[in-house]
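**Q** Give me a 3D structure for the following:
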Amino acid sequence: MKNISKKNWVLYIVTFLVVVIGDQLTKILVSSSMMLGQSQAIIDNFFYYTYSHNQGAAWGMLSGHISLFVVVSLAAAIFMFYYFSKTTKAQRLTRYGIVLTFAGLVGNLTDRLYFGYVRDFIDFIIFGYDFPIFNIADMAVVIGVGLIILEIIFEDYINGKKKIRD
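**A** Below is the predicted model of the structure:
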């Protein structure tokens with residue numbers, strides 16, 4: 001971690017804080033202004049705010065096993081710190097992805113520890129499919145993991161070791 005500039009540390013810390021604070025503020029806003037199960041159309045037949053509680057993981061899997069989620073979250077946090085410490089200066093997307101993923105983990109872990117469930121509210125209907133309701137922390141995790149995967153797949157191209165036609 002010695003090869004991280006002060007500027008990048010500031011970027012990582014600000015990103016982490018914006019995600020965690022933004023996640024918690026939006027959850028507070030929704031939970032204080034909507035009843036559980038209430039839905040508000042933002043774009044009819046496409047995008048809604050629907051306030052829900054998720055006691056499980058993605059899609060409500062393993063609902064009610066909060067202690068399992070806390071242990072898994074803490075193990076994931078330790079792994080992320082370790083993985084971050086092993087990244088190189090060239091692995092910018094991976095570092096940023098880890099920060100986003102960690103921020104999302106903290107946002108949802110905060111809910112689990114404080115409420116016993118995660119507050120979700122972002123609800124999309126895509127081609128008739130009502131996608132599972134999620135929140136800002138979930139988005140950070142998905143984007144963060146996506147950045148890590150992108151860098152793993154395209155690492156040689158990103159670092160100039162290969163050209164697109166290779």
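**Q** Now the longest helix seen in the chain: average pLDDT?
**A** Secondary structure assigned by DSSP state H gives helix 6-33 as the longest helix of the chain. Here helix 6-33 scores 97 as its mean pLDDT.
**Q** Can you point out the buried residues in that helix?
**A** Across helix 6-33, burial judged by 16 or more other Cβ atoms under 10 Å covers Tyr12, Thr15, Phe16, Val19, Val20, Gly22, Asp23, Gln24, Thr26, Lys27, Val30, Ser31. To be clear about C-beta, it is placed using only N, CA and C from the backbone, and glycine gets the same treatment.
**Q** Stretch 39-51 too?
**A** Neighbour-count burial for stretch 39-51 [16+ other Cβ under 10 Å]: Tyr48, Tyr49, Thr50, Tyr51.
**Q** For those residues, which two are the farthest from each other?
**A** Greatest spatial distance among these (Cβ to Cβ): Tyr48 and Tyr51, at 10.1 Å.
**Q** joint contacts of these two?
**A** Both Tyr48 and Tyr51 are in contact with Ser39, where contact means Cβ atoms under 8 Å, 6 or more residues apart in numbering.
**Q** hang on, the earlier thing: show me which of the buried residues of helix 6-33 is closest to Phe121.
**A** Relative to Phe121, the closest of the buried residues of helix 6-33 is Val30; by Cβ to Cβ it sits at 4.4 Å.
**Q** What's the local residue count around the closest residue to the closest one other than its chain neighbours?
**A** Of all residues not flanking Val30 in the chain, Phe121 sits nearest, at 4.4 Å (Cβ to Cβ, 6 or more residues apart in numbering). Neighbourhood size, Phe121 [other Cβ atoms under 10 Å]: 22.
**Q** Next, the buried residues of the host helix or strand of Phe121.
**A** Applying DSSP states H and E as the criterion places Phe121 in strand 118-126. With burial defined by 16+ other Cβ under 10 Å, the residues of strand 118-126 counted as buried are Val118, Arg119, Asp120, Phe121, Ile122, Asp123, Phe124.
**Q** Distance to Val142 and pLDDT added to the residues you listed, as TSV?
**A** As requested, those are exported to TSV (distance: Cβ to Cβ, whole Å; pLDDT from 0 to 100):
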residue	distance to Val142	pLDDT
Val118	14	95
Arg119	17	97
Asp120	13	97
Phe121	16	98
Ile122	12	97
Asp123	16	97
Phe124	13	96
